[in-house]
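A.B. asks: structure of the sequence below:
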Amino acid sequence: MTKTTKYSPEVEERAVRMVFEHAEEHPSQWSAIRSIAEKIGCTSETLRKWVRRAERDRGDRPGITTDERARLKELERENRELRRANEILRKASAYFALAEFDRRQR
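C.D. replies: Have a look, this model is predicted:
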């Protein structure tokens, strides 16, 4: 079972900033990430993900930014709701059309 620890945005921002500021002092970005992760008390993989996201947000790395990802998620949710509403309206329309047809038959 994995343990999930939620770090504050300030801790995340500070750790990422430290990686960018101290990258020259290490032979690779990964060694900087490992060193800083150890100091702030998170795993290296967690910090690596934060750094990758920050690089995408800054435009240094290709991919969807955090804002774009949030907007996409919102649009997908809205699309699901609209599809659900359309299905309800389609069924209601068919029901009332059938009821009208039955009423005219009598």
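A.B. asks: give the rounded mean pLDDT of stretch 78-95.
C.D. replies: Mean pLDDT, computed over stretch 78-95, is 96.
A.B. asks: and the contacts of it?
C.D. replies: Stretch 78-95 is contacted by no other residue when judged by C-beta atoms under 8 Å, 6 or more residues apart in numbering. From N, CA and C alone the C-beta is placed, and that goes for glycine too.
A.B. asks: what is the burial count for P27?
C.D. replies: Neighbour count for P27, taken as other C-beta atoms under 10 Å: 7.
A.B. asks: tell me who's in contact with D67.
C.D. replies: Taking C-beta under 8 Å, 6+ apart as the test, what D67 contacts is D57.
A.B. asks: any buried residues in the helix-or-strand element of the chain with minimal mean pLDDT, and which?
C.D. replies: Least confident helix or strand, the chain: helix 66-105 with a mean of 93, by mean pLDDT, DSSP states H and E. Across helix 66-105, burial judged by 16 or more other C-beta atoms under 10 Å covers no residue at all.
A.B. asks: just how off-centre is that helix within its chain?
C.D. replies: 26 Å (C-alpha atoms, centre = their mean, to the nearest Å).
A.B. asks: repeat for stretch 42-56
C.D. replies: The answer for stretch 42-56 is 14 Å, by C-alpha atoms, centre = their mean.
A.B. asks: please identify the buried residues of stretch 47-67?
C.D. replies: Buried, per 16+ other C-beta under 10 Å, within stretch 47-67: 47-48, 50-51, 53-57.
A.B. asks: run the chain-centre distance for it.
C.D. replies: Its chain's average C-alpha position is 12 Å from that of stretch 47-67, according to C-alpha atoms, centre = their mean.
A.B. asks: any idea how far apart the tips of that stretch sit?
C.D. replies: Using C-alpha to C-alpha, to the nearest Å, one end of stretch 47-67 lies 20 Å from the other.
A.B. asks: and what of stretch 25-45?
C.D. replies: 20 Å.
A.B. asks: show me the buried residues of stretch 47-67 that map onto helices.
C.D. replies: 47-48, 50-51, 53-57 (DSSP state H).
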